[in-house]
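Novice: I would like to see how this sequence folds:
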Amino acid sequence: MKGGLLKIGMAFSLLIAQNLSGRKARLAVRDAHTQEALAGASVFLLSAQGKGLLTDTLGTAEVVLPAARETLWVEVRYMGYGSVRLALTARSPSLVEVLMQPEGIAQEEVVITALQET
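Specialist: This is a model prediction of the structure:
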């Protein structure tokens with residue numbers, strides 16, 4: 001009897017894991033202040049050994065959520081903005097809003113002079 005219950009429990013766990021894996025999540029990448037979509041933002045799938053993708057013209061990218069008990073680490077980058085790192089799991093929502101903060105680049109002062117030749 002115990003063996004039968006164990007097999008049923010394992011089959012049920014496998015069924016739940018299969019239902020949770022393969023789900024997709026859409027990342028909506030936007031400017032935190034203006035809510036403008038950031039087309040062409042880089043989405044790196046850190047847990048997937050360097051794979052990545054770019055957001056489309058609407059600032060969205062679609063990723064496959066990991067199986068139960070696994071975590072997919074994602075880093076989103078866009079020029080002129082600070083990067084955002086996310087942990088996605090099988091229970092993450094199907095729409096994940098990523099709000100990017102504008103970030104200036106510190107640089108030394110540049111002086112331009114011109115001389116007139118006669």
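Novice: pLDDT at Lys51, what is it?
Specialist: With respect to pLDDT, Lys51 has a value of 88.
Novice: how near is the closest residue to it other than its chain neighbours to Asp31?
Specialist: Of all residues beyond its chain neighbours, the one nearest Lys51 is Leu45 (4.7 Å), with distances taken as C-beta to C-beta, 6 or more residues apart in numbering. Every residue, glycine included, has its C-beta placed from N, CA and C. Taking C-beta to C-beta, to the nearest Å as the measure, Leu45 and Asp31 are separated by 23 Å.
Novice: same deal with Ala48?
Specialist: Note on Ala48: its distance to Asp31, by C-beta to C-beta, is 26 Å.
Novice: which of the two has more neighbours?
Specialist: Between Ala48 and Asp31, counted using other C-beta atoms under 10 Å, the more crowded position is Asp31 (17 against 14).
Novice: mind listing what the more buried one touches?
Specialist: Leu38, Tyr81, Leu99, Met100, Pro102 (C-beta atoms under 8 Å, 6 or more residues apart in numbering).
Novice: many thanks, we can stop here.
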